[in-house]
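Student: Here is a sequence with its predicted model. Questions after.
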Amino acid sequence: MRIAYDPLFGDLPKAAASYALPEDLRSIGLRRYGGDGDFHGWVLRQVKKLRARRIISIHLGDHPNYAAFDGRDAVDTSLGLTFAEGLPAATTCGSLDPSIPLLLAEQGMQAEEIERILLKESGWLALAGVNTLPDLMHSAAPGAELARGILQHGLEQGIGAMMAALGGTDAIVFGSEYLEEAVPLARAVSESLSFLGVRLLPEETPMFKVEDAWRLTTSESTIPIYWLDYLI
Amino acid sequence: MNILVFNCGSSSLNYKLFSGGEAEGLRVIASGKAHRVGVRGSEPSFIEHRLGSEPVRQEVPIENHRQAAGLALAALRAAGLRPDAIGHRFVHGGDAFERSALLDEPTLQRLRTTLPLAPIHNPNSMSVIEVCLETLPGLPQYVTFDTAFHSGLPDWARTYSLPRGLASEHGLRKYGFHGLSYQHVTGAVARYLDRPLSSLKLIACHLGTGGSSAAAISGGQSLDTTMGYSPLAGLVMSTRTGDMDPLLPVYLMGQWGYQPDTLNDLFNKKSGLLGLSGVSSDIRDVIRAMDEGDHGNARLAFEMYTYRLRKTIGGYVTLLRGIDALIFTDDIGVQNARVRAAACRGLEWAGIRLDEAANQSASAGQIAEIGALGSAVRVLTVPTDEERVIAEEGERLFTEDNP
């Protein structure tokens, strides 16, 4: 099981870091640790010169996830105790009704088997038979449209949740190692924010570079949205 | 037409007799509630009847819902009140029911398949149906479902990203609950705003003393909701955890040797506000403890309860691409100004701004407007009335042509 303390999320506010469990269970380390700190830490460094305070950072990789920062401080993130929480991803299930693993155990499944299913046999693999973001975006398999819909709506909802956590946002930053497939997804998600006054540059217009980030939005946009090529 | 409605709680039974078919709509002509049904404790169980001018309290041991319903039917008969039809509430209709249904033999058989889906609630409702069939044979009955309101959830909202065989074998998908309440408050808000429901984008927060959930509702259709396969998912509740990492229970079973039934009990009955605060499952006690200087667990409980609600509202605002109104309902929703104020904090970007004084003084008994002047979103407290929705469903079923 992947439980790793990520220093970037070490000081999450308690309301974001805790599960609503009795104290004896919280005290054995059952909390939200976050993750993907390499990516989000890199985003924070890249956008430093933009002087945005409340930042929503979104990684459109094979394990899509997002995090909210107030200055350098992490305020919340979609990843929890493990990488299984949050958005469904390549092979992980994403947030589920906690009754479900209990029901599977009551049906006689062992913990190791449930863990294997939720971590290795779920997500895009289960719905569409693919396990990378580019394959998901290109796939015509039955279930691929559904998996893309779950991802896009999960991102839209996640942005609203992070805006609630921050009390609004000064910049939304998408980044990925997959330029070709992830930029259209970032644009589609951003498009859904037009009710807030977000204005995207037309698709045919080349993005323009502001400091080290590419800007996806016009100068009139109420919220600037940026793209970063994540070259590992 | 007189419609008798039974509404089973886990340890209570509400009944209301509505007189319908009149110009002014449905009117309650008798009602009652059985308390502490099946509860063995120091305080006795009792049933209260409101059949005439004076309420009558009957203190008797009430072992189960079947017996409570029998007492209600006997009291109505003694008062000379005879229903023409009886409506029931089922918490979970599963895949078998996407809408209310008249009770006939095939419906009864399908109802039995739903019993394991809500093992605490559904069998109670079934026992009440049985006692009605025995006591008033031939009287038309029908069933309504808390899940029916969410039966049109889009695929992206209802699907868990699990292996398909496993999901279909166990019926693992998001069902959603509190549907009768959502149906009532959204209808009431459309009438209050004098706009067709089909034109409204709404977020409703049903904050109960037991369970709580929220729903994103577009044109009267549920677009997403926080409860899932079971009522454990979603918001932090009085004694339920709400959402958590799906591997957390697996970890507790695998590494710590917990049994699934122990965890079911722990997550459903000992967590939430109770588990966090260590003080009480009642949000009012939690707030009191926090105000009296408990800056540890009671504060964490209040902050988590309201923070998770705030994040849910924000997420539903972006899913709906802006909303017309935000609704607070059920006991905590209409009574607790502190919860509402904290839930709306930091949502100015979404057009949500509270009027502090209006929020403080909102009456729990009627629709109250608590948004600030100039708030783009109407913010409303709306008392819910599940029994009335059950009666309305009956009127609809009996006036429709049912082949």
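Tutor: Arrived safely, thanks for sending. Residues are numbered from 1 along each chain as shown, chains lettered A, B, ... in the order given.

Student: and stretch B:18-35, how far out from the chain's middle?
Tutor: 20 Å (CA atoms, centre = their mean, to the nearest Å).

Student: Oh, that last question was meant for stretch A:61-79, not what I typed.
Tutor: Mean-position distance between stretch A:61-79 and its chain equals 7 Å (CA atoms, centre = their mean).

Student: Stretch A:189-207 too?
Tutor: Counting by CA atoms, centre = their mean, stretch A:189-207 comes out at 19 Å from the chain centroid.

Student: Next: stretch B:75-88.
Tutor: Here the centre of stretch B:75-88 is set off from its chain's centre by 25 Å, with CA atoms, centre = their mean.

Student: residues of that stretch that come out buried?
Tutor: Across stretch B:75-88, burial judged by 16 or more other CB atoms under 10 Å in any protein chain shown covers B:75-76, B:81, B:83, B:85-88. Every residue, glycine included, has its C-beta placed from N, CA and C.

Student: Could you point out which of those residues is nearest to residue B:137?
Tutor: Distance to residue B:137, by CB to CB, is smallest for residue B:86 among these, at 11.9 Å.

Student: I'd like to know the beta-bridge partner residues of that closest one.
Tutor: When bridges are called by DSSP bridges, residue B:86 pairs up with residue B:4, residue B:141.

Student: Can you tell me how far it is from residue A:92?
Tutor: 47 Å (CB to CB, to the nearest Å).

Student: Residue B:134 now?
Tutor: 51 Å.

Student: mind listing what residue A:47 touches?
Tutor: By CB atoms under 8 Å, 6 or more residues apart in numbering or on different chains, the contact list for residue A:47 reads A:55, A:171, A:173, A:211-213, A:226, A:228.

Student: Can you turn the buried part of the residues you listed into a PyMOL selection?
Tutor: In PyMOL syntax, the buried subset of the contacts of residue A:47 is picked out as below (16+ other CB under 10 Å):
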select buried, chain A and resi 55+171+173+213+226+228
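
Student: Okay, strands next: where are they in the stretch 1-150 of chain B?
Tutor: Ranges of strands in the stretch 1-150 of chain B, per DSSP state E, counting those that start in this stretch, are B:2-8, B:13-19, B:27-35, B:46-50, B:56-58, B:85-90, B:101-102, B:141-145.

Student: Export the fourth one to PDB, keeping only CA atoms.
Tutor: Only the C-alpha atoms of strand B:46-50 are listed here, as PDB (Å, rounded to 0.1, in the frame of the first residue of the first chain):
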ATOM      1  CA  PHE B  46     -44.500   5.500  23.400                       C
ATOM      2  CA  ILE B  47     -46.800   6.600  20.600                       C
ATOM      3  CA  GLU B  48     -48.400  10.000  20.300                       C
ATOM      4  CA  HIS B  49     -51.600  10.500  18.300                       C
ATOM      5  CA  ARG B  50     -53.000  13.800  17.100                       C
END
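
Student: Direction included, what does it pair against?
Tutor: strand B:27-35 (antiparallel), strand B:56-58 (antiparallel).

Student: Tabulate the ones you listed (CSV), appending mean neighbour count, mean pLDDT and distance to residue A:70.
Tutor: Converted to CSV, the strands paired with strand B:46-50 look like this (neighbours: other CB atoms under 10 Å in any protein chain shown; pLDDT from 0 to 100; distance: least, CB to CB, whole Å):
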stretch, mean neighbour count, mean pLDDT, distance to residue A:70
strand B:27-35, 19, 94, 48
strand B:56-58, 13, 92, 56
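
Student: closest to residue B:160 out of those?
Tutor: strand B:27-35 (36.9 Å).

Student: hmm, who's touching the closest one?
Tutor: Under CB under 8 Å, 6+ apart, the answer for strand B:27-35 is B:2, B:11-20, B:45-51, B:62, B:65, B:68, B:71-72, B:75-76, B:79, B:81.

Student: ok, residue A:229 - how many residues close by?
Tutor: Counted with other CB atoms under 10 Å in any protein chain shown, the neighbours of residue A:229 add up to 15.

Student: meant to ask about residue A:198, not that
Tutor: Quick note: residue A:198 (other CB under 10 Å) scores 20 neighbours.

Student: ok, it touching residue A:216?
Tutor: No: using CB atoms under 8 Å, residue A:198 is not in contact with residue A:216; the gap is 9.2 Å.

Student: any residues in contact with both of those two?
Tutor: Shared contacts of residue A:198 and residue A:216, defined by CB under 8 Å, 6+ apart, are found at A:190, A:225.

Student: Report the next helix or strand after the helix or strand bottoming out on mean pLDDT in chain A in sequence order.
Tutor: Lowest by mean pLDDT, DSSP states H and E among the helices and strands of chain A is strand A:208-210, with a mean of 71. Using DSSP states H and E, the helix or strand that follows strand A:208-210 towards the C-terminus is strand A:213-215.

Student: so how far is that following strand from its chain's centroid?
Tutor: Counting by CA atoms, centre = their mean, strand A:213-215 comes out at 19 Å from the chain centroid.

Student: what's near enough to touch the most centrally placed residue in chain A?
Tutor: Nearest residue to the geometric centre of chain A (CA atoms, centre = their mean): residue A:65, 1.7 Å. Counting by CB under 8 Å, 6+ apart, residue A:65 makes contact with A:35-36, A:58-59, A:77-79, A:86-87, A:89.

Student: where exactly do the helices run in chain A?
Tutor: For chain A, the helices defined by DSSP state H cover A:14-17, A:23-26, A:37-46, A:99-106, A:111-120, A:123-128, A:133-138, A:144-166, A:179-191.

Student: quick one: contacts for the closest residue to residue A:80 other than its chain neighbours?
Tutor: Nearest non-adjacent residue to residue A:80, counting by CB to CB, 6 or more residues apart in numbering or on different chains: residue B:245, 3.8 Å away. By CB under 8 Å, 6+ apart, residue B:245 lies in contact with A:19, A:32, A:80-82, A:84-85, A:95.

Student: Low-confidence ranges, chain B, go.
Tutor: Applying pLDDT under 70 to chain B picks out residues B:22-23, B:401-403.

Student: From the centre of chain B, point out the most distant residue.
Tutor: Relative to the chain centroid, chain B (CA atoms, centre = their mean) has residue B:255 farthest, 35.3 Å.

Student: Which strand or helix spans it?
Tutor: Here residue B:255 is covered by helix B:247-256, with elements defined by DSSP H and E.

Student: who's in contact with that helix?
Tutor: Contacts to helix B:247-256, defined as CB under 8 Å, 6+ apart, come from residues A:1, A:19, A:25, A:30, A:80-82, A:84-85, A:98, A:101-102, A:105, A:110-112, A:114-115, A:118-119, B:258-260, B:263, B:267.

Student: Swap in 7 Å and give it another go.
Tutor: For helix B:247-256, contacts defined as CB atoms under 7 Å, 6 or more residues apart in numbering or on different chains pick out A:1, A:19, A:30, A:81-82, A:84, A:98, A:101-102, A:105, A:111-112, A:114-115, A:118, B:258, B:260, B:263.

Student: Who is residue B:13 paired with across the strands?
Tutor: Beta-bridge partners, per DSSP bridges, of residue B:13: residue B:8, residue B:34.

Student: and it, what is it in contact with?
Tutor: B:6, B:33-34, B:37, B:65, B:68-69.

Student: so how many other residues sit close to residue A:45?
Tutor: Neighbours of residue A:45 (other CB under 10 Å): 10.

Student: In contact with it, which residues?
Tutor: Neighbour list for residue A:45: empty [criterion: CB under 7 Å, 6+ apart].

Student: State the distance from it to residue A:219.
Tutor: Per CB to CB, residue A:45 is found 25 Å from residue A:219.

Student: cool, residue B:149 as well?
Tutor: 44 Å.

Student: These two: which has the busier surroundings?
Tutor: The residue with more neighbours, out of residue B:149 and residue A:219, is residue B:149; 28 against 9, by other CB under 10 Å.

Student: Give me the nearest residue to that one, chain neighbours excluded.
Tutor: Spatial nearest neighbour of residue B:149, excluding adjacent residues (CB to CB, 6+ apart): residue B:179 at 2.9 Å.

Student: Let me see the contact set for the residue most central in space within chain B.
Tutor: Per CA atoms, centre = their mean, the C-alpha nearest to the average position across chain B is that of residue B:178, at 3.4 Å. Residues in contact with residue B:178 (CB under 7 Å, 6+ apart) are B:146, B:206, B:213.
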